[in-house]
Every structure is written in C-alpha cells, then in structure tokens.
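Asks: With the sequence up front, the predicted model follows.
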Amino acid sequence: MTAAALSAALMVGLLALGMPDYAAGGVAALAGFALRAGAILKGWALPAYRR
Amino acid sequence: MNETLPTVIGPVLGYLDYAGIAVFALSGAIVAAVKRQTLVTFIFFAVITGVGGGTVRDLLINAPVFWIEGNVLLLICLAAALLVWLLPQKTWEGDALLWLDALGLAAYATFGAAKGLAFGVAPLPAIAMGVLTACVGGIIRDVLTGEPSILMRPNSM
C-alpha cells in the first residue's frame, strides 16, 4: 500500500513538474519497487497504532 | 496503447501496464498452485488478479475497460496460468509471490495514476487510482483464498 502510494504520488508529482512520461514512469515505478523491496528484505514498516 | 488516451500515456507507460498484468497474473496462478487447484482455477485467478484493479479504476474514471478491447491482455493471463501450471513447484516456491506482487504493485500504481490524469482526474484522486489499480487485484485474490491481504499485513510497506 505505502509503496503503491509512493509510486502513484511520484508519478503525479513528476508529471506536474513537466517531466516526460517515460522518465516520470521509470522513476516512480523504481522508487515504489525499491520501497517494497526494502520492506521484504529488511522489514521496513510504518509505526502501528499503540495507544 | 490506444488512440483514446491523451498524450500523457506514451508507449513506455503502456509497457508498465503489460508488465503489471503479467506479474499479477503469474501471482494469481501461483496462489492457485499453492492451493493445488485445477487448470481452470489457475486461469480464473490469473485473470482476476491481473485485471481486477484496472477494471475498478477504468469503471471509476469512465474509461473503456482496458482488457475487453482486444485479445492480448487475456492472452497474457492465459499464458501466465499455463506457464505456472507447467512449471515444477520448486521454481515458484518461497518468495516468488512476494517479489511478483512487488513488481506488479510498482508498475500498476505508476500506470494507474498516469491513466487517471490522462482521463482528466484531479491529482489526488489520480494518486488514489494508482493505489487502487495496484492493490485491488491482489486483495480480490487474497480474499477469495482466505489469505490475509496486503492491506492487513504488519509490514505492508
């Protein structure tokens, strides 16, 4: 979910900044995949609710 | 891609769409294999996981639903199901499913957001379209098989 949100947000943001679609798509997809890969390999996770 | 899409979606983004559908179709077929299902169930899970998210997205943004406009996308799902069916168990055991999901997630989130923008959706809902595209296929697959979905896993980043 977080990785998908990162990819989608980067895509929209980079296109808004005027980056061509193939470059924005490459950066956004790689960033989302890297975040997910970190979660799989190193257990990266957002803090959960504890109150 | 087809001519109904404005210029935001070039050929490179089209490949992301194919990549997303292929890896999600493979992941659906692998789940059917884990559950020792028949070839028909392999195909069903490959199709529903591959096209599920994009279908919801296209219905929401009033786009023609992407996989009913030609034969190619369903053929990709059929090929993925057959491939997993023919492979021995050791080729897809272990973390293959996680990594295929990771690839599909990144490709579909990126493509889904771009397609939302291309159909005139505002930036924030376009981001939501990307997330939907990436998550819904896997969620349908996991709910059907009774697995905890990616939404509810502790490290779901």
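Replies: All right, it came through fine. Numbers count the residues shown, from 1 in each chain, chains lettered A, B, ... in the order given.
Asks: In stretch B:29-36, which residues are buried?
Replies: B:29, B:30, B:31, B:32, B:33 (16 or more other CB atoms under 10 Å in any protein chain shown). To be clear about C-beta, it is placed using only N, CA and C from the backbone, and glycine gets the same treatment.
Asks: nope, stretch B:59-69 is what I was after
Replies: Buried, per 16+ other CB under 10 Å, within stretch B:59-69: B:61, B:63, B:66, B:67.
Asks: Burial check on the closest residue to the first one other than its chain neighbours, number of neighbours?
Replies: By the measure of CB to CB, 6 or more residues apart in numbering or on different chains, the closest residue to residue B:61 outside its immediate chain neighbours is residue B:119, 4.5 Å from it. Here the number of neighbours of residue B:119 (other CB atoms under 10 Å in any protein chain shown) works out to 20.
Asks: And for residue B:120?
Replies: Count around residue B:120 with other CB under 10 Å applied: 10.
Asks: export the buried residues of stretch B:29-36 to TSV and tack on secondary structure, distance to chain A and pLDDT?
Replies: TSV is the format used below for these (DSSP: H, G, I helix; E, B strand; the rest coil; distance: CB to the nearest CB, whole Å; pLDDT from 0 to 100):
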residue	secondary structure	distance to chain A	pLDDT
B:29	helix	20	96
B:30	helix	16	94
B:31	helix	17	94
B:32	helix	22	94
B:33	helix	20	94
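Asks: Which of the residues you listed sits closest to residue A:28?
Replies: Closest approach to residue A:28 among the buried residues of stretch B:29-36 (CB to CB): residue B:30, at 25.8 Å.
Asks: hang on, the closest one packs against residue B:99?
Replies: No. Between residue B:30 and residue B:99 there is no contact under CB atoms under 8 Å: 10.8 Å.
Asks: Find the residue at the geometric middle of chain B.
Replies: residue B:50 (3.5 Å; CA atoms, centre = their mean).
Asks: quick one: pLDDT of that residue?
Replies: Note on residue B:50: pLDDT of 96.
Asks: got the buried residues for the longest helix that chain A contains?
Replies: What stands out as the longest helix in chain A, according to DSSP state H, is helix A:21-42. Within helix A:21-42, the residues that qualify as buried are A:21, A:24-29, A:31-33, A:35-37, A:39, counting by 16+ other CB under 10 Å.
Asks: quick one, the helix or strand where residue B:14 lies and helix A:21-42 angle?
Replies: Residue B:14 is part of helix B:11-34, with elements assigned from DSSP states H and E. Helix B:11-34 and helix A:21-42 are oriented at 30 degrees to each other (axes from the mean of the first three to the mean of the last three CA atoms, to 10 degrees).
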